[in-house]
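Q: Return atomic coordinates for the entry below.
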Amino acid sequence: MKLFIKNIATFESLKFVRSELERNGLKGISVEYNEINWQVVLTPAQYGTLRQILQHANIQLFEDRKDILVQRIKNLITEIVYHSDEPLIYNLSTYLTENLKHDYTYMSNLFSANQEMTNEKFYICHRIERVKELLLYEKMTLTDIAIKMHYSSLAHLSSQFKKVMGLTPSQFKQQFGKVELPPDDCGK
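A: Numbers count the residues shown, from 1 in each chain. So this is what the prediction gives:
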C-alpha cells in the first residue's frame, strides 16, 4: 500500500519518522520524502499509530483523491527533473497522461487550482532549479548542463533561464557563485 504525505522538508524529520516507526514496532514500512509504502497489512491500531507519529512530526497524509493526484503529478515531474537521465520521449502532457491514466486537461486544471501555477510552470521552475544546482555545485559547463537536462539547444536553456530568473546563467553564476542561493519559488 502507498500513502502520499506532505511536510517532510528535512532529512531530520524523515529520520525522526523512521525512528518512531521502528520504536513503535511498525516494521516493513518505508518512508520517503513524499510517500510511505508498506508490504504488510496494517491493523487499525497500527494505522492509528502511524497517523499519530506523522501528526507529532507535523506531517500530513493526503487523503483526498484530488490532492493525491496533484502529489503524484509533482512526484513524476520531480523524478523526471532530478532523477532521470532519459529525455521525455514526447512531451510532459503525454508523459503524465500515460503514467497517471487520467485526462490531461483534467490533471492540468486540477494542478493549477491546487498549486496556483500550471504543471508546465512547475516543471520549468524545477528544471531551472536543477540547472542552478548544476551550475553552482557540480561546476558543469552550460553546454554540458543543456545536454544533461535535455534542452534542445544552449540558446533554449539560456532563454528559459533568463525568463525565470531575470538573469542569464552566466550572470547568475557570477552573482551567486560565492553566496547562498536565493530561495526557489517552485512550490515543492
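Q: host element of the residue sitting nearest the centre point of the chain?
A: Geometric centre of the chain, nearest residue: residue 78, 3.6 Å, by Cα atoms, centre = their mean. Under the criterion of DSSP states H and E, residue 78 resides in helix 65-83.
Q: could I have that helix exported to CSV, CA atoms only?
A: Extracted as CSV, the C-alpha positions of helix 65-83 are listed here (Å, rounded to 0.1, in the frame of the first residue of the first chain):
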residue,chain,number,x,y,z
ARG,A,65,-8.1,11.7,-4.2
LYS,A,66,-7.5,15.1,-5.9
ASP,A,67,-4.7,16.0,-3.5
ILE,A,68,-3.2,12.6,-4.1
LEU,A,69,-3.3,13.1,-7.9
VAL,A,70,-1.7,16.5,-7.6
GLN,A,71,1.1,15.0,-5.4
ARG,A,72,1.6,12.2,-7.9
ILE,A,73,2.0,14.8,-10.7
LYS,A,74,4.5,16.6,-8.6
ASN,A,75,6.4,13.4,-7.8
LEU,A,76,6.6,12.4,-11.5
ILE,A,77,7.8,15.9,-12.5
THR,A,78,10.4,15.9,-9.7
GLU,A,79,11.5,12.4,-10.7
ILE,A,80,12.0,13.5,-14.4
VAL,A,81,14.0,16.6,-13.4
TYR,A,82,16.2,15.3,-10.6
HIS,A,83,16.5,11.5,-11.1
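Q: Give the buried residues for that helix.
A: Residues 67-74, 76-78, 80-81 are the ones in helix 65-83 that count as buried (16 or more other Cβ atoms under 10 Å). C-beta coordinates here come from the backbone N, C-alpha and C atoms, glycine included.
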